[in-house]
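In: Structure of the sequence below:
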Amino acid sequence: GARRGADWSTVGGAECGARGRACAAADDGVDDEGDGDLTSVPSDAPDDYRGLQDLKEKPALREKFGVKDEWLFPFEPVAIIDVPEYGPLSAVVACEKFGVKSQNDKEALAAAKADVYKKGFYGGKMVCGPYAGEPVEQVKTKIKDEMIAAGVAMPYSEPEKPVMSRSGDDCVVALLDQWYLTYGEEEWLEKARRCLEKMETYNDDTRKSFEHVLGWLHEWACSRSFGLGSKLPFDPQFVIESLSDSTIYMAYYTISHLLQGGVDNMNGQKVGPSGLKPENLTDAVWDYVLLGKSISDANLTASGAAREVLDMLRAEFMHWYPLDLRVSGKDLIGNHLTFFIYNHVALFEEENWPRGVRTNGFMMINAEKMSKSTGNFLTLRGGIQKYSADGIRFALADAGDTPEDANFSLKTADDAVLKLTTFVNFVEEGMSHLGEMKETKGFYEEVFESRINRAVKATEQAYEKLLFREALISGFYDMQDALGQYRVACGAATQQTIGSMNKELFLRFVRCQTIILSPLCPHTTERTWELLAESGMHGIDTSVLNSRWPEGGEINEDIIVSAKYLDDIKCNVRVKVNQLIKQKAKKGKQAEPAVSDKKEHLKIFVCKETPEWQNFVVSVLKSGFNAETKNFEENIEKKVLATIPADMKKKFAKKIMPFTGKVRDEARGGAGSAAFERTLPFDETKLLQDDLDLMTSQLGFNQITILGSDEAAEEDVAIAADALPGAPSFLIC
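Out: The predicted model follows:
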């Protein structure tokens with residue numbers, strides 16, 4: 001509801017009864033504010049405590065303000081509130097915690113004050129007076145009411161900090177009548193909290209911000225006497241202020257096309273398809289259309305609207321409501337978005353309460369604030385001309401998913417143009433070689449198909465959560481990575497060899513990539529969709545916008561892990577070869593040929609049985625792991641060293657901590673409890689033997705031999721001993 005009050009008045013009094021008055025002087029005066037006679041509370045106000053201490057510690061300051069010693073030195077802070085984490089003398093503890101040494105430490109004082117006041121209000125309890133033991137949050141209201149009733153105080157409202165107009169002038173609050181919305185009323189607040197509890201906020205920080213605002217928001221001045229806005233219905237001399245207005249306008253959107261439809265009727269001057277005029281839209285009509293309240297024949301006649309037309313509007317509203325998603329800036333959580341929740345729960349039944357809110361921060365360019373004065377800005381038109389519409393959309397998706405400020409990277413936008421062009425060129429080239437592509441499938445086709453299916457599933461989940469950066473990672477980068485590795489594996493890495501790909505998988509990849517990328521880059525994907533249509537592929541409509549989400553196929557995680565195992569080995573070998581080349585070059589010897597040229601012999605040693613010391617480390621890590629939080633108990637590394645047998649520690653001293661760190665990071669990084677499972681889902685030796693021909697070709701060795709770590713020759717034992725399950729060692733001969 002709304003209440004009327006005054007903007008200005010004065011407040012005085014004490015929270016638990018004054019034991020006398022003390023004068024607290026500041027080092028610097030302020031010209032534009034009047035001074036007041038306040039009850040000093042140095043126990044709970046860091047500013048007051050530091051003011052008291054500064055006067056005690058600085059004789060010159062006492063002399064400056066004419067403060068006598070007997071006014072200060074008999075007095076110490078008196079406990080009135082017990083504050084969580086701070087105790088009964090919160091100001092004293094807070095000044096020590098934040099390093100406040102004097103009133104001149106303004107930033108530290110502000111931080112101390114904010115923390116103490118927040119925890120004191122929401123968690124503090126009175127320790128003196130008639131309300132001892134009661135929560136501060138409840139007691140403040142009681143004391144305020146008592147003081148007003150006693151005539152020693154009157155309520156007033158003022159800005160919490162100086163307000164500047166857009167012209168740069170200081171704003172002052174005028175003495176005038178005002179209307180307030182009494183947000184925070186018990187029953188209304190309970191509904192708002194229930195609505196928030198069921199809402200999808202897409203981020204815990206957003207939910208916590210709403211909860212915080214619902215905790216402190218009680219009254220809001222909702223009217224003003226000038227400016228644009230809707231007239232206050234019950235007091236038309238006022239207009240509704242902008243943040244309080246338009247909190248349920250989305251309900252109007254559900255029927256706006258019937259009331260003022262047409263691109264040439266945005267201002268509603270013409271009668272829309274429903275034939276209704278403004279004078280037909282009475283309160284009774286709105287109550288029926290939006291709230292479902294019955295409309296009597298008399299009210300229907302008075303409105304001049306036909307019942308079948310109102311039924312059509314009602315059906316349209318019910319089709320679209322409740323609101324699935326509201327997207328806005330995080331700075332509006334403290335007012336407009338919370339009002340949006342309050343007003344919906346006040347007007348609509350629970351089935352029509354909003355279902356979701358997603359908030360965002362501001363936009364930065366290259367990790368710096370946008371500013372015309374520094375030239376760090378980009379207009380929409382300029383961005384499209386330079387990077388194309390899809391390049392801009394690509395970089396925006398990459399900018400971030402959280403309520404934190406998003407970072408638009410110009411390099412990402414520039415790179416996106418090349419990446420998207422490369423994708424289109426690949427599709428065009430592939431379509432021209434369809435007749436050459438093979439029909440058979442092998443190991444790497446299975447890997448490629450599983451990675452496509454996994455990317456499709458992950459991208460769908462990301463879109464459902466409105467995580468566009470995650471969708472870009474899984475729906476483009478992961479897909480392109482899967483394509484690149486498959487092309488290398490099947491010998492189709494160049495345009496000339498693209499015909500080595502599997503035809504069915506090529507077409508499925510292009511179709512899936514096109515569809516899952518289309519929400520982010522619709523123009524690029526429209527072109528690749530046209531290419532699919534030209535190929536005669538079954539089920540391709542005229543536009544990608546008419547397509548359905550790709551059906552998810554089987555995801556064989558074991559085969560994906562197997563492929564990664566092989567890829568990691570090849571990568572490690574290449575790194576080692578390049579290191580040897582650099583080492584020989586430093587010694588003045590001629591460098592070996594490039595990695596792709598033929599080299600001699602590569603021996604790969606496979607660990608067939610998990611060493612005892614590894615099993616011990618894993619058991620200790622597993623015992624200290626929380627599967628829900630994916631974290632370990634404190635100092636888990638020290639626990640490993642403290643419990644491992646001495647002989648084992650001595651023998652494997654150089655290996656224990658690196659292995660501990662590897663398993664720990666795997667568990668934290670997403671694998672969870674699976675990191676402790678040391679049994680691989682494949683036979684390492686068989687997998688390597690099956691891939692031997694391709695590996696020999698890719699790495700450029702004359703010979704590659706696969707051996708068990710227990711089969712190593714005497715001169716190779718040291719290298720073979722480094723092999724771990726899933727991480728073989730190798731020797732370049």
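In: from here on, contacts and neighbour counts on C-alpha atoms
Out: Fine.
In: For the lengthiest helix in the chain, name the packing helices and strands.
Out: Using DSSP state H, we find that the single longest helix of the chain is helix 557-586. Contact here means 3 or more C-alpha pairs under 8 Å, 6 or more residues apart in numbering; DSSP states H and E; on that basis helix 557-586 packs against helix 443-464, helix 692-699.
In: Checking the spatially most central residue of the chain next. Helix, strand or coil?
Out: The chain has residue 402 as the residue nearest its centroid, 2.3 Å off, counting by C-alpha atoms, centre = their mean. Judged by DSSP: H, G, I helix; E, B strand; the rest coil, the three-state class of residue 402 is coil.
In: C-terminal to the longest helix of the chain, what's the next element?
Out: Note on helix 557-586: by DSSP states H and E, the next helix or strand toward the C-terminus is strand 599-606.
In: Show me what that following strand pairs with in its sheet, parallel or antiparallel.
Out: With DSSP bridges as the test, strand 599-606 is paired with strand 701-708 (parallel), strand 729-732 (antiparallel).
In: List the contacts of the closest residue to residue 556 other than its chain neighbours.
Out: Distance criterion C-alpha to C-alpha, 6 or more residues apart in numbering; nearest residue to residue 556, sequence neighbours excluded, is residue 450 at 5.7 Å. Applying C-alpha atoms under 8 Å, 6 or more residues apart in numbering to residue 450 gives the contacts 553, 554, 555, 556, 557, 560.
In: These into TSV, with extra columns for pLDDT, neighbour count and distance to residue 178?
Out: Shown next, in TSV, are the contacts of residue 450 (pLDDT from 0 to 100; neighbours: other C-alpha atoms under 10 Å; distance: C-alpha to C-alpha, whole Å):
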residue	pLDDT	neighbour count	distance to residue 178
553	88	13	63
554	91	13	64
555	94	18	63
556	93	15	66
557	91	14	65
560	93	18	67
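In: Residue 467 is nearest to which of the strands paired with strand 599-606?
Out: strand 729-732 (39.7 Å; C-alpha to C-alpha).
In: The closest one: how far from the chain's middle?
Out: Mean-position distance between strand 729-732 and its chain equals 44 Å (C-alpha atoms, centre = their mean, to the nearest Å).
In: What residues of that strand count as buried?
Out: Residues 729, 730 are the ones in strand 729-732 that count as buried (16 or more other C-alpha atoms under 10 Å).
In: didn't residue 719 look like it was pressed against residue 731?
Out: Yes. Taking C-alpha atoms under 8 Å as the definition, residue 719 is a contact partner of residue 731 at 7.1 Å.
In: Could I get the average pLDDT for whichever strand or helix holds residue 417?
Out: For residue 417, the element it lies in under DSSP H and E is helix 410-431. Helix 410-431 shows an average pLDDT of 96 in the prediction.
In: List the buried residues of it.
Out: For helix 410-431, by 16+ other C-alpha under 10 Å, it's 410, 412-417, 419-420, 423-424, 426-427, 430-431.
In: returning to what we had before: among the strands paired with strand 599-606, which is nearest residue 217?
Out: Residue 217 lies closest to strand 729-732 among the strands paired with strand 599-606, at 63.5 Å (C-alpha to C-alpha).
In: Please enumerate the strands of the stretch 51-200 of the chain.
Out: 81-82, 125-126, 177-181 (DSSP state E, counting those that start in this stretch).
In: Identify the residues contacting the second one?
Out: When contacts are defined by C-alpha under 8 Å, 6+ apart, strand 125-126 is touched by residues 80, 81, 82, 83, 132, 133, 134, 135, 136.
In: which of those residues count as buried?
Out: When the contacts of strand 125-126 are checked for burial by 16+ other C-alpha under 10 Å, the buried set is 80, 81, 82, 83, 135, 136.
In: can you tell me which two in the residues you listed are farthest apart?
Out: The most widely separated members of the buried ones among the contacts of strand 125-126, counting by C-alpha to C-alpha, are 80 and 135 (11.8 Å).
In: Restricted to helices, list the contacts of strand 125-126.
Out: residue 136.
In: which pair in the contacts of strand 125-126 spans the largest distance?
Out: 83 and 132 (13.1 Å).
In: before we move on, the earlier item: which one of the contacts of residue 450 sits closest to residue 679?
Out: Set against residue 679, the nearest of the contacts of residue 450 by C-alpha to C-alpha is residue 557 (14.6 Å).
In: show me what contacts that closest one?
Out: residue 450.
In: distance of the closest residue to residue 431 other than its chain neighbours from residue 513?
Out: Spatial nearest neighbour of residue 431, chain neighbours left out: residue 535 (6.9 Å); criterion: C-alpha to C-alpha, 6+ apart. In this view, residue 535 and residue 513 are 16 Å apart by C-alpha to C-alpha, to the nearest Å.
In: Likewise for residue 67?
Out: Distance from residue 67 to residue 513, by C-alpha to C-alpha: 78 Å.
In: Neighbour count: the two, which is higher?
Out: Neighbours were counted for residue 67 and for residue 513 using other C-alpha atoms under 10 Å; residue 513 has more, 23 against 17.
In: doesn't residue 476 make contact with that one?
Out: Yes. Counting by C-alpha under 8 Å, residue 476 is a contact partner of residue 513 at 7.1 Å.
In: where are the low-confidence patches of the protein?
Out: 1-40, 157, 174-176, 495, 587-599 (pLDDT under 70).
In: residues contacting residue 672?
Out: So residue 672 contacts 627, 630, 666 (C-alpha under 8 Å, 6+ apart).
In: Number of residues surrounding the nearest residue to residue 216 once chain neighbours are set aside?
Out: The shortest distance from residue 216 to any non-neighbouring residue, by C-alpha to C-alpha, 6+ apart, is to residue 184 (7.9 Å). Counted with other C-alpha under 10 Å, the neighbours of residue 184 add up to 19.
In: For residue 184, what are phi and psi?
Out: For residue 184, the backbone dihedrals are phi 100, psi -10 (criterion: degrees, to the nearest 10).
In: Is it in contact with residue 214, as I believe?
Out: Yes. When contacts are counted by C-alpha under 8 Å, residue 184 is listed as touching residue 214 (7.2 Å).
In: okay, how far is it across stretch 722-733, tip to tip?
Out: 17 Å.
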